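K.L.:
sequence and predicted structure, then a few things I'm wondering about:
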Amino acid sequence: FGPDGPETDAWLSHGGGRELLDETGAAVGLHYLPCGNAGAGGGGWFRETPARDTGAAALNLRAAGLAADVARQAGATVNCICPGFILTEMTAAMKPEVLESFVKMIPLGRIGQPADIANGVSFLCQEASGWISGETMSINGGQFMY
């Protein structure tokens, strides 16, 4: 959430706020836990566990709570993005057959690019999304639809 991690998140929700927000008045948090099907028990790129589902749900709820605090204190929006399977140095190093097995689980038929996530962050920081706050946007090629 904040540039310095959870400490900033706590500070932001206790009255700081405006100094951490850029001129767009938007804060966007990213988390790596798949959240499109938290609690649904299927369709993910790994076997979901209660701990993982709980972690994803907690991050989503934290974004909503922080959004309410920041909206009142700074007139800003706070949202969360849950990225799907993204091509990074780590995923590019996977065996080709493993990588292909992940692609088969994505309805759009490709691995996401960092630019796919950046486009979502950019949208949430634009005036066009100024009425969107406390939401979690899944950017995953349809992988976690239910």
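P.N.:
It's in. Numbers count the residues shown, from 1 in each chain.

K.L.:
next helix or strand past the lengthiest strand in the chain?
P.N.:
Criterion DSSP state E: the longest strand present in the chain is strand 77-83. Once the chain leaves strand 77-83, the next helix or strand it forms, by DSSP states H and E, is helix 89-92.

K.L.:
mean confidence score for that following helix?
P.N.:
Model confidence over helix 89-92 averages 91 on the pLDDT scale.

K.L.:
packing partners of the helix or strand that that helix is followed by?
P.N.:
If you walk from helix 89-92 toward the C-terminus, the next helix or strand you reach (DSSP H and E) is helix 96-103. Packed against helix 96-103, as judged by 3 or more Cβ pairs under 8 Å, 6 or more residues apart in numbering; DSSP states H and E, are no other helices or strands. C-beta here means a position set from N, CA and C on the backbone, and glycine is covered the same way.

K.L.:
picking up where we left off before, which elements pack onto the longest strand of the chain?
P.N.:
Using 3+ Cβ pairs under 8 Å, 6+ apart as the contact criterion, the elements in contact with strand 77-83 are strand 26-30, helix 50-74, helix 114-124, strand 136-139.

K.L.:
need these in CSV with mean pLDDT, distance to Ala93 and mean neighbour count, can you?
P.N.:
Listed next are the helices and strands packed on strand 77-83 as CSV, based on pLDDT from 0 to 100; distance: least, Cβ to Cβ, whole Å; neighbours: other Cβ atoms under 10 Å:
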stretch, mean pLDDT, distance to Ala93, mean neighbour count
strand 26-30, 72, 21, 21
helix 50-74, 82, 23, 17
helix 114-124, 93, 16, 16
strand 136-139, 90, 22, 20
